[in-house]
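**Q** Test case, fold it:
(chains A and B)
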Amino acid sequence: MDELTIAMPKGRIFEEAYELLVNAGYDLPKELDDSRKLIVEAPNEKIRFILAKPMDVPVYVEHGVADVGIAGKDVMLELDRSVHELLDLGISQCYIATAGLPNTEMNPMTPRIATKYPQIASRFYRGKGEQVEIIELNGSIELAPMIGLADRIVDIVSTGKTLKENGLVEYDKIVDITSRLIANPVSYRLKQDRIQELVEKLRKQAVK
Amino acid sequence: MTIEMFEKPLGMRDDFPFIAKKKTELRAKGTKIMQQAGYDLLQTPTLEYYETIGKISAIPDNALFKLLDNQGETLVLRPDMTSPIARVVASKLLKEKMPVRLAYYSNVFRAQKREGGRPAEFEQMGVELIGDNSLYADAEVIILASTILKELEVESSRIVVGHTRLLQSILMEFGLDDRQIEIVREALVSKNSVKFEQIVEGLAIEEGKTESFKALNRSKTLEDWKQWINFSNPEQAALYEEMLKLQKIIERNGLSGSVTYDLSFVSHMTYYTGLVFEFYGAGSGFPLGNGGRYDGLMKQFGLHVGATGFGLRVDRLLEAIAPKQEDAADTLILFGEETEQQAHEQAQELREKGVHVTLQYAPAVQAIEEFAGLFREVIRLDGALNG
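**A** Numbers count the residues shown, from 1 in each chain, chains lettered A, B, ... in the order given. Sure, this is the predicted structure:
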């Protein structure tokens, strides 16, 4: 049996994804509380986990250092990497939306959009024929409209709580997001049986 | 933007001697195998017209390096070798000479939009077999490519085979129109199984056939393909029959264990019309090469003949080849004022035996021990003791 390397996103998605694998019948170490570890072995299943930043998962998989990975659709849309998208796991459901201060119009001269997702934001506004300036930020996107940096933000919304707490309202919903099982195209061919087995086991567990 | 003195344009690389050496060996091995199979090497120009090769090559516009000539015409650095060879064959080589077997080992240029380190210029080697419609031609190029992979000792190499026309016919059988087929094709090209299944579920196809349609994505053997073939459709029956024959030939050549028959495998290159295939190996995370039947490309040059071929990427082959024990390195002869003639004679003698010999006037070297350390054998005629 070939060793399988799985790139997992650290943080929120990790717990749900790990649980999914355990429920699918994989014999994995129970406790993974040492969060500083970057590589975790599951020798009983000949699986090795690489714990990565969510945005980096598709990069590891594209280069083949991880055979498969679990990545949010938001990251996939933003990065457009050459990987197999095998299964919608249905976990970590959320969506990408535009938001801003209530009852505001976009500045007609220089409409500015703050976001962590410049590609998705640019594609969305271009698709609507709107000329906007995209401002890429790395966090606390909600701050941008409050301090006058941007008219709108494009960001992930899961419960809407964060928006509300910062006095923002949602304007347009762009796309629904869930986590996906992805695979390197070469690994997909060289370890097809193992990967297919993983797909079928996870398919039964995937949240509908 | 200021350019640093050592900088090179994005995606351009220097091949240092150890890489250049590996490439030379690989080139020698590869071209020998192709020539032994009756393929003649050819070279085409580095620059081509955008209007012809640039457009026909099916490489996205933003991946082309474009420039203007002094007539104001747009030129491209050749982005592939298949279309220039198709042009050569269509314009120069006589039809009576068909089938034509041509091979190449050339650099091609594709601008990279991602990380600067990815090569925008890389070498490809491959063959084109033009003027033969038969499955024997397809079998010949697949076997030739895998012979090269075997000779280069690529670990666990694998070939995935699909069939563009057969897939098209089967999709029509499911009741899809051209627009729907295109949508399905796009999902398959982008390797997006999630999207593929969503599309299938959204299609108004015959009841009970949805699962069978989805299974297209998981086929591995020709036996798997059987379930979708309508044997009363003469085209499908004939194509499937050909695939079985192809499989027999492939098996006879000892490749049965390394071929996956995946009906959902399609190429992003739209000019492939029949068989399509791609090569993989354990050492590289990217495909090593691909190929297929491209009768449609020949048509664009006004030639209605069958054509098939493959191309392998040299940079990825180098990644996939198991690292080998370095060959015996070279000999160094260090000489002084008095021993110059003696050194030359000794070098001559060794070179005739096939040894690589570097001659060096010792006083001109600053760090003599370090320099001598680069060689496997050192002969000191400069007055110091042989070490």
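**Q** tell me the secondary structure for the closest residue to chain A within the stretch 201-350 of chain B?
**A** Distance from chain A to each residue of the stretch 201-350 of chain B (CB to the nearest CB) is smallest for residue B:285, at 2.0 Å. The way it works is simple: take the backbone N, C-alpha and C, and place the C-beta from them, glycine included. Under DSSP: H, G, I helix; E, B strand; the rest coil, residue B:285 falls in the coil class.
**Q** and stretch B:230-246, how far out from the chain's middle?
**A** Remark: stretch B:230-246 is offset 29 Å from the chain centroid, using CA atoms, centre = their mean, to the nearest Å.
**Q** State the helix or strand in which residue A:41 lies.
**A** strand A:39-42 (DSSP states H and E).
**Q** Just the buried residues of that strand, please?
**A** Neighbour-count burial for strand A:39-42 flags A:40, A:42 (criterion: 16 or more other CB atoms under 10 Å in any protein chain shown).
**Q** Give the pairing partners of that strand; include direction for each.
**A** strand A:47-52 (antiparallel) (DSSP bridges).
**Q** which residues are in contact with the partner strand?
**A** A:3-10, A:14, A:26, A:28, A:35, A:37-42, A:60, A:65-66, A:69 (CB atoms under 8 Å, 6 or more residues apart in numbering or on different chains).
**Q** In helices, which of those fall?
**A** Members of the contacts of strand A:47-52 lying in helices (criterion: DSSP state H): A:14, A:60.
**Q** I'd like to know how far the residue nearest to the residue of the stretch 201-350 of chain B closest to chain A when sequence neighbours are not counted sits from residue B:14.
**A** Leaving aside its chain neighbours, residue B:285 sits nearest to residue A:64 (2.0 Å; criterion: CB to CB, 6 or more residues apart in numbering or on different chains). Residue A:64 sits 25 Å away from residue B:14, going by CB to CB, to the nearest Å.
**Q** now residue B:225
**A** 47 Å.
**Q** Look at the two and report which has more neighbours.
**A** residue B:225 (23 against 8; other CB atoms under 10 Å in any protein chain shown).
**Q** what helix or strand is the more buried one on?
**A** helix B:222-225.
**Q** Check the offset of that helix from the chain's centre.
**A** 27 Å.
**Q** ok, now stretch B:282-289?
**A** That offset, for stretch B:282-289, works out to 11 Å (CA atoms, centre = their mean).
**Q** Could the C-alpha coordinates of it be exported in PDB?
**A** Extracted C-alpha coordinates of stretch B:282-289, given in PDB (Å, rounded to 0.1, in the frame of the first residue of the first chain):
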ATOM      1  CA  ALA B 282       6.900   9.200  -9.600                       C
ATOM      2  CA  GLY B 283       9.500  11.800  -9.400                       C
ATOM      3  CA  SER B 284       7.600  14.800 -10.700                       C
ATOM      4  CA  GLY B 285       4.300  16.300  -9.500                       C
ATOM      5  CA  PHE B 286       3.500  17.400 -13.100                       C
ATOM      6  CA  PRO B 287       2.800  15.300 -16.200                       C
ATOM      7  CA  LEU B 288       5.900  14.300 -18.100                       C
ATOM      8  CA  GLY B 289       4.400  14.800 -21.500                       C
END
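**Q** That one: which residues count as buried?
**A** B:282-289.
**Q** and if you look at stretch B:244-258?
**A** Buried-residue list, stretch B:244-258, by 16+ other CB under 10 Å: B:246-247, B:249-250, B:255, B:258.
**Q** Can you confirm whether that stretch lies near chain A?
**A** No - Stretch B:244-258 is not in contact with chain A by CB under 8 Å from any CB of the partner chain; minimum separation 9.9 Å.
**Q** cool, and stretch B:131-142?
**A** No - Stretch B:131-142 lies apart from chain A when judged by CB under 8 Å from any CB; the minimum separation is 15.3 Å.
**Q** Tell me how many other residues surround the residue of chain A found nearest chain B.
**A** At 2.0 Å from chain B, residue A:64 is the closest residue in chain A, using CB to the nearest CB. For residue A:64, the neighbour count with other CB under 10 Å is 22.
**Q** before we move on, what about residue A:166?
**A** Number of residues near residue A:166 (other CB under 10 Å) recorded here: 16.
**Q** Next up, the contacts around it.
**A** Going by CB under 8 Å, 6+ apart, residue A:166 touches A:142-143, A:146.
**Q** Show me which of those residues are buried.
**A** Buried, going by 16+ other CB under 10 Å: residue A:142, out of the contacts of residue A:166.
**Q** would you list the contacts of residue A:166 in CSV and tack on pLDDT, secondary structure and distance to residue B:174?
**A** Below are the contacts of residue A:166 laid out as CSV (pLDDT from 0 to 100; DSSP: H, G, I helix; E, B strand; the rest coil; distance: CB to CB, whole Å):
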residue, pLDDT, secondary structure, distance to residue B:174
A:142, 93, coil, 47
A:143, 94, helix, 51
A:146, 92, helix, 53
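**Q** how's chain A carved up into domains?
**A** A:4-92+A:178-205, A:94-176 (automatic domain parsing).
**Q** Give me whichever of the ones you listed is most buried.
**A** Greatest average neighbour count among those goes to domain A:4-92+A:178-205 (a mean of 19), per mean count of other CB atoms under 10 Å in any protein chain shown.
**Q** Spell out which parts of chain A neighbour chain B.
**A** A:62-65, A:82-88, A:180, A:184-187, A:189-190, A:192, A:196.
**Q** Inside strands: which ones of the residues you listed?
**A** In this view, the residues of chain A next to chain B that belong to strands under DSSP state E are A:84-88, A:180.
**Q** which residues does the residue nearest in space to the middle of chain B contact?
**A** For chain B, the residue nearest the mean C-alpha position is residue B:312 (1.5 Å; CA atoms, centre = their mean). Listed by CB under 8 Å, 6+ apart, the contact partners of residue B:312 are B:30, B:124-126, B:145, B:148-149, B:279, B:288-289.
**Q** ok, now which ones touch the residue positioned nearest the centre of chain A?
**A** The residue lying closest to the centre of chain A (CA atoms, centre = their mean) is residue A:72, at 2.2 Å. By CB under 8 Å, 6+ apart, the residues touching residue A:72 are A:9, A:13, A:54, A:92, A:177-180.
**Q** pLDDT check: weakest of the buried residues of stretch B:244-258?
**A** Of all those, residue B:255 carries the smallest pLDDT score, 88.
**Q** Let me know how buried the residue nearest to that residue when sequence neighbours are not counted is, in neighbour terms.
**A** Residue nearest to residue B:255 in three dimensions, not counting chain neighbours: residue B:146, with 5.7 Å by CB to CB, 6+ apart. As a burial measure, residue B:146 scores 23 neighbours (other CB under 10 Å).
**Q** hmm, back to that, please enumerate residues in contact with the helix holding residue B:225?
**A** Contacts for helix B:222-225 (CB under 8 Å, 6+ apart): B:166, B:215, B:218-219, B:240, B:243-244, B:247, B:261, B:263.
**Q** again, only using 6 Å
**A** B:219, B:243, B:247, B:261, B:263 (CB atoms under 6 Å, 6 or more residues apart in numbering or on different chains).
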